[in-house]
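In: 3D model of this:
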Amino acid sequence: MSEASHSIVIICEGPADHRTAPAIADRVLSSSAEWLVPEMLHAFREWRGLKRHEPFLAWKQVHTLARAANIRINGFFNGEPGAPDAYAARQALALLKVAGEDPIDAVILLRDSDNDEERKRGLEQARAEVSNPSSPLLIGVAHTKRECWVLAGFNPLDERERAQLDALKQELGFDPCLCAEELTAQQDGAKRDAKRVLSVLTGNSIDREATCWKECAFQQLEARGQNTGLAAFIQEIRTKLVPLWTGRTL
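Out: Sure thing, here's the model as predicted:
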């Protein structure tokens with residue numbers, strides 16, 4: 001890692017989150033300064049987990065790793081019980097402090113809401129304890145799931161995809177790309193399951209998913225992502241991460 005690089009830890013649920021959120025963040029970074037060209041971003045930032053050779057830190061690993069590191073913390077925040085995910089976030093941040101590898105220049109806490117909007121409050125409770133402008137802590141909460149963020153960037157590429165989207169609109173009674181927050185089902189394969197809807201539109205293609213966040217205009221991502229947490233996450237990147245390189249927010 002060069003002197004100009006910054007090491008960014010991402011704590012998320014799995015590989016799909018790791019594909020999506022850093023790619024969106026990279027687009028914001030590359031638009032923040034002419035010298036942060038996409039082809040050279042690897043020289044200016046690294047995405048990592050607890051250790052630098054790991055791509056991310058999974059939420060499901062945090063408790064086990066914290067116990068192994070003999071980390072003991074309480075579950076109260078400013079005298080009040082923590083909201084969902086507050087305790088897990090506190091554990092994760094303590095783990096980075098004692099078992100991570102320096103330097104850590106920023107941390108991203110990424111979660112699906114799964115229809116529980118208290119999860120965002122829990123992450124904010126944990127962040128309030130360790131706020132440090134020189135080492136920003138960012139929050140991204142996808143409501144209801146990561147797939148809703150991808151749907152915000154979906155634009156039909158051909159007649160087949162256009163027909164699939166039209167059929168979904170008729171089935172659901174709304175446009176899932178404009179109102180992804182209404183995809184609230186938690187059962188896999190249910191009518192309003194965001195995973196099912198995205199699968200229908202992209203054919204389970206990782207490459208087709210990627211075009212949704214790579215080629216879509218930011219204005220569309222933000223407009224469609226107002227109610228899914230995507231617009232808020234993009235703003236977190238602009239105001240907290242970008243200044244590590246530019247010294248100013250976008």
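
In: CA only for contacts and neighbour counts going forward, please
Out: Noted.

In: for the lowest-mean-pLDDT helix or strand in the chain, which strands pair with it and how are they oriented?
Out: Here the helix or strand of the chain ranked lowest by mean pLDDT, DSSP states H and E is strand 76-77, holding a mean of 82. Here strand 76-77 is paired, per DSSP bridges, with strand 80-81 (antiparallel).

In: if you average pLDDT over the partner strand, what comes out?
Out: For strand 80-81, mean pLDDT rounds to 84.

In: ditto for stretch 109-122
Out: Averaged across stretch 109-122, the pLDDT comes to 95.

In: cool, stretch 151-158 as well?
Out: Averaging the model's pLDDT scores along stretch 151-158 yields 98.

In: again, but for stretch 222-241
Out: 97.

In: list the buried residues for it?
Out: Neighbour-count burial for stretch 222-241, counted by 16 or more other Cα atoms under 10 Å, picks out 222, 224-241.

In: repeat for stretch 159-166
Out: 161, 165.

In: restrict it to CA atoms and write it as PDB.
Out: The C-alpha coordinates for stretch 159-166 follow below in PDB (Å, rounded to 0.1, in the frame of the first residue of the first chain):
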ATOM      1  CA  GLU A 159     -36.900  -5.900 -25.200                       C
ATOM      2  CA  ARG A 160     -36.700  -9.000 -23.200                       C
ATOM      3  CA  GLU A 161     -35.700  -7.200 -20.000                       C
ATOM      4  CA  ARG A 162     -38.300  -4.500 -20.700                       C
ATOM      5  CA  ALA A 163     -41.000  -7.200 -20.900                       C
ATOM      6  CA  GLN A 164     -39.800  -8.800 -17.700                       C
ATOM      7  CA  LEU A 165     -40.000  -5.500 -15.900                       C
ATOM      8  CA  ASP A 166     -43.400  -4.800 -17.300                       C
END
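
In: what's in contact with it?
Out: When contacts are defined by Cα atoms under 8 Å, 6 or more residues apart in numbering, stretch 159-166 is touched by residues 156, 175, 200-201.

In: go again with 7 Å.
Out: Identification of contacts with stretch 159-166 by Cα atoms under 7 Å, 6 or more residues apart in numbering yields 156, 201.

In: chain center to it, what's the gap?
Out: How far stretch 159-166 lies from its chain's middle: 28 Å, per Cα atoms, centre = their mean, to the nearest Å.

In: my guess is A126 contacts A92. True?
Out: No. Contact criterion Cα atoms under 7 Å: A126 and A92 do not qualify, at 9.8 Å.

In: circling back: which residues are in contact with the least confident helix or strand of the chain?
Out: Outside of strand 76-77, the residues within contact range by Cα under 7 Å, 6+ apart are 82, 125.

In: distance from it to the middle of the chain?
Out: Remark: strand 76-77 is offset 25 Å from the chain centroid, using Cα atoms, centre = their mean.

In: D175 contacts K169, correct?
Out: Yes. The criterion here is Cα under 7 Å, and D175 meets it with K169 at 5.0 Å.
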